[in-house]
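Q: next comes the sequence, and after it the predicted model I'd like to discuss.
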Amino acid sequence: MKLGVNIDHVAVLREARKVNDPDILNALYVACASGADQITIHLREDRRHIKDIDAKNIMQLSQLPVNLECSINRDILDIVSELKPHRATLVPEKREEVTTEGGLDVFTYKDEIAYAIEQLHDSIIPVSLFVDPSIKAMEASKDLGAEMVELHTGSFANIFAMLNSSLPHSNHSIKELELQRYELESRLEKSILEIKNAALHAKKLGLQVAAGHGLNYNNVSYMMNIEEIIELNIGQSIIARSVFSGLADAVKEMKRLTTRK
Ligand code: PXP
């Protein structure tokens, strides 16, 4: 399995103080040296964490392929076309969200996404679409001309966390998932099946399949069981663990868990 390490959260911490500490380029070096197969960053329209200069420096200095996440905003696409990442992943973006909450709406924004893909292809940049794990979204992604899909695993991760972590007892408990265990277990099973079926269908259509969002040291094994998935992009849990164990060990441990025997 290819492990994409998303280092945005290092910039989140830096921006909390508006200094250059922690240095995102240090994070890049450590992730590259500790088993990451790819570096993932998200140049958001509001530039809340990764700035243009970060993206430029990371593109120049990364020893690993860079997967650049971006919205379909035309100004952003112009920048991405110039940066020429190894791949662009198109994601939905809302100003008010804390993180990318759902997959791209490949139906309503079909024309805008088609335009974005065409522009990126003109700059010889392969495109992945961050989509919800549904059969229809796989078909639409194929029709739009993407090379790859990244399945949004947020719903799965939320259910898993409500079942298996302290989340329900915290300030961030997910109200709509405050359910009986048997109900959560049944939803978890359904969610895994959706991801599996979407991955299978995408592969049949000739799309490469990645997955990401909310994956961590406890739930990643479920993705490892879906053989059609060839890449995982993981950020929050790796950077969170690095507070306690250091980034090198956090990346190494995730790499160990995502290595297929
Ligand atoms: N993949 C995509 C497309 C994302 O937008 C994100 C979140 O920025 C991730 C993966 C990583 O998610 P997390 O930080 O929850 O691991």
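A: Arrived safely, thanks for sending.
Q: you'd agree residue 52 is up against residue 80?
A: No. Using CB atoms under 8 Å, residue 52 makes no contact with residue 80, being 10.7 Å away. To be clear about C-beta, it is placed using only N, CA and C from the backbone, and glycine gets the same treatment.
Q: overlap in contacts of those two?
A: residue 43 (CB atoms under 8 Å, 6 or more residues apart in numbering).
Q: packing partners for the lengthiest helix in the chain?
A: Identified as the longest helix of the chain according to DSSP state H is helix 181-204. On a contact count with 3 or more CB pairs under 8 Å, 6 or more residues apart in numbering; DSSP states H and E, helix 181-204 meets helix 135-144, strand 148-152, helix 154-164, strand 208-212.
Q: nearest to the ligand, out of these?
A: With CB to the nearest ligand atom as the criterion, the ligand lies closest to strand 208-212 of the helices and strands packed on helix 181-204, at 3.0 Å.
Q: give the pairing partners of the closest one; include direction for each.
A: strand 148-152 (parallel), strand 231-234 (parallel) (DSSP bridges).
Q: the shortest one: which residues count as buried?
A: Looking back up the chat, that one is strand 231-234. Under the neighbour-count criterion of 16 or more other CB atoms under 10 Å, strand 231-234 has 231-234 buried.
Q: pull the distance from the helix or strand just after it to the chain's centre.
A: Moving toward the C-terminus from strand 231-234, the next helix or strand (DSSP states H and E) is helix 236-245. Its chain's C-alpha centre lies 16 Å from the corresponding centre of helix 236-245 when counted by CA atoms, centre = their mean, to the nearest Å.
Q: and what of stretch 241-249?
A: That offset, for stretch 241-249, works out to 20 Å (CA atoms, centre = their mean).
Q: show me which of the buried residues of strand 231-234 neighbour the ligand.
A: The subset of the buried residues of strand 231-234 within reach of the ligand, by CB under 6 Å from any ligand atom, is 233-234.
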